[in-house]
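Visitor: Give me a 3D structure for the following:
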Amino acid sequence: MDFPKKFKGLSKNIFKEIDYKGVMDMFADLKSGIVIMGNIKDKYTCAILEILNKTAIKRNVDTIYFYDGSYENKLGSKEDVRSCLTLESKMDYYSLVEKIGFKSDTLVKDTLIPKIEYPLIFGIKYGAITGILNPRYAKWMHQVFIPGEKEDMTIDLVSELIDLIQKTDVSDDHLIK
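Guide: As a prediction, the model looks like this:
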């Protein structure tokens, strides 16, 4: 995935691409950070990127890792990690869902694995999940809405993002200095 360097609406882009191995290494190596799992072509992912970027910058976050679940399979065609078409991809996806602790009533076809709906934002602090957000909003102008409703949810989204950032922050941790 090529995350656009100049994404429309982002004055300073703090998103950094990360792959499956990079995300799993964050857990194994006890690292910390905020990860958004989505797809740059997904309307719900695109609806929140500007707000996520601005909120993170205001909270002194240098990097948000962007994990695109699509990849090129061994046959050269595009595939989504959530499709679980091969045993290998099924095991990788299951491992990711387990590490995140994601729960859902919607399951991946022909499995009992919860299906992650994009976007999914999660915090990792020293290799452990600090929180999960699954904001599925539509965007109009500079406001976000639950699809089919009229109430502006921007303040709620910003509040949830600030809470996740605070739970994930390691800047005041005296144990690592």
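
Visitor: so where is this structure shaky, pLDDT-wise?
Guide: 1-10, 173-177 (pLDDT under 70).

Visitor: give the contact list for the residue sitting nearest the centre point of it.
Guide: Centroid check for the chain by Cα atoms, centre = their mean gives Ile36 as the closest residue, at 1.7 Å. If you count contacts by Cβ atoms under 8 Å, 6 or more residues apart in numbering, Ile36 has them with 15, 45, 49, 52, 64-67, 119-121. For glycine as for every other residue, the C-beta is placed from the backbone atoms N, C-alpha and C.

Visitor: again with Tyr71
Guide: Taking Cβ under 8 Å, 6+ apart, one finds 19-20, 78-81 in contact with Tyr71.

Visitor: Would you mind measuring from it to Tyr118?
Guide: 14 Å (Cβ to Cβ, to the nearest Å).

Visitor: Same check on Thr45?
Guide: 5 Å.

Visitor: go on, Asn134?
Guide: From Asn134 to Tyr118 the distance is 9 Å (Cβ to Cβ).

Visitor: Now do the same for the closest residue to Met153 other than its chain neighbours: helix, strand or coil?
Guide: Spatially, and ignoring its direct neighbours in sequence, Met153 is nearest to Val144 (5.2 Å; Cβ to Cβ, 6 or more residues apart in numbering). When classified by DSSP: H, G, I helix; E, B strand; the rest coil, Val144 comes out as strand.
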